[in-house]
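Novice: generate a structure from the sequence data that follows.
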Amino acid sequence: MSLLELIERADERALAATAVACLDRCLPLLAGPAGTEPLRPLWASCEDGREWAIRLAAVRTAMDDEAVSDGPAARVRAMLGAAPSDFAPAPLREWADACSLVALEIHGRFDVPDGEVPVNGADLLKAARDGQPTEAGPLVAGELERQIRILEILAETTGTAGSGAGVREALDLSTEGRRVLRAVMSRRARVRG
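Specialist: Numbering: from 1, shown residues only. Below is the predicted model:
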């Protein structure tokens, strides 16, 4: 099943978790020290939406202190700003779809040596999200796989006694992706040094 089909079929829990996961993986662009997890309060609300609006407001306030240095970081901040206060399918689906695309675009920028958006980048990402074979770079391919896997895990555990474990597994996959992006950014900074 394609990424877009999975997003279309997802429930509120999966939509919130996949959107938060996309932002979480892009945190190296925004967040301070490597050990900080500013989105942790939102992860806690993904299971059932309890206190979603309150925790979202707190995360936004905490993230306002983070310096935004460039376009990709500003896009991550804008996606956090666009998060719906309502824990409902329609607004969460729109937000999850936008977060998915932004995360893939950001990873695509790190797939190319100069960090510029590839000329055919939009078409490549559209095809990848539709489940068509593409020549996506390794970072985009890895991000796409993480997004699909997270949605699959959450779909498999919806309504089960282990549904909380599904959100936890999504968080673990997201943490792995954040480490990958942080390593790529570090390597690029050393090369440019």
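
Novice: so where's the protein uncertain?
Specialist: For the chain, the stretches with pLDDT under 70 are 31-36, 67, 69, 114-119, 161-163, 193.

Novice: now the helices for it?
Specialist: For the chain, the helices defined by DSSP state H cover 3-9, 12-25, 40-46, 52-63, 71-81, 89-111, 121-129, 138-157, 163-192.

Novice: out of those, deepest packed?
Specialist: Of all these, helix 12-25 has the most neighbours on average by mean count of other Cβ atoms under 10 Å, namely a mean of 27. Every C-beta, even on glycine, is put in place using the N, C-alpha and C of the backbone.

Novice: just want the most central residue of the chain.
Specialist: What sits nearest the mean C-alpha location of the chain, by Cα atoms, centre = their mean, is C22, with 0.3 Å.

Novice: I'd say that one and H107 touch.
Specialist: No: look at C22 against H107 with Cβ atoms under 8 Å: they stay out of range, at 10.0 Å.

Novice: wait, I106 sits on L29?
Specialist: Yes: counting by Cβ under 8 Å, I106 does reach L29; the two are 7.0 Å apart.

Novice: now for those two: what residues contact both?
Specialist: Jointly contacting I106 and L29 under the rule Cβ atoms under 8 Å, 6 or more residues apart in numbering are P72, V76, L181.

Novice: what's near enough to touch the closest residue to the first one other than its chain neighbours?
Specialist: Excluding the flanking residues, the one nearest P72 by Cβ to Cβ, 6 or more residues apart in numbering is I106, at 4.9 Å. With contacts defined as Cβ under 8 Å, 6+ apart, I106 is in contact with C26, L29, P72, R75, V76, L181.

Novice: out of those residues, which is nearest to A98?
Specialist: Distance ranking of the contacts of I106 against A98, using Cβ to Cβ, places R75 first at 9.8 Å.

Novice: gap between that closest one and E66?
Specialist: Distance from R75 to E66, counting by Cβ to Cβ, to the nearest Å: 14 Å.

Novice: and for L56?
Specialist: L56 sits at a distance of 16 Å from E66 (criterion: Cβ to Cβ).
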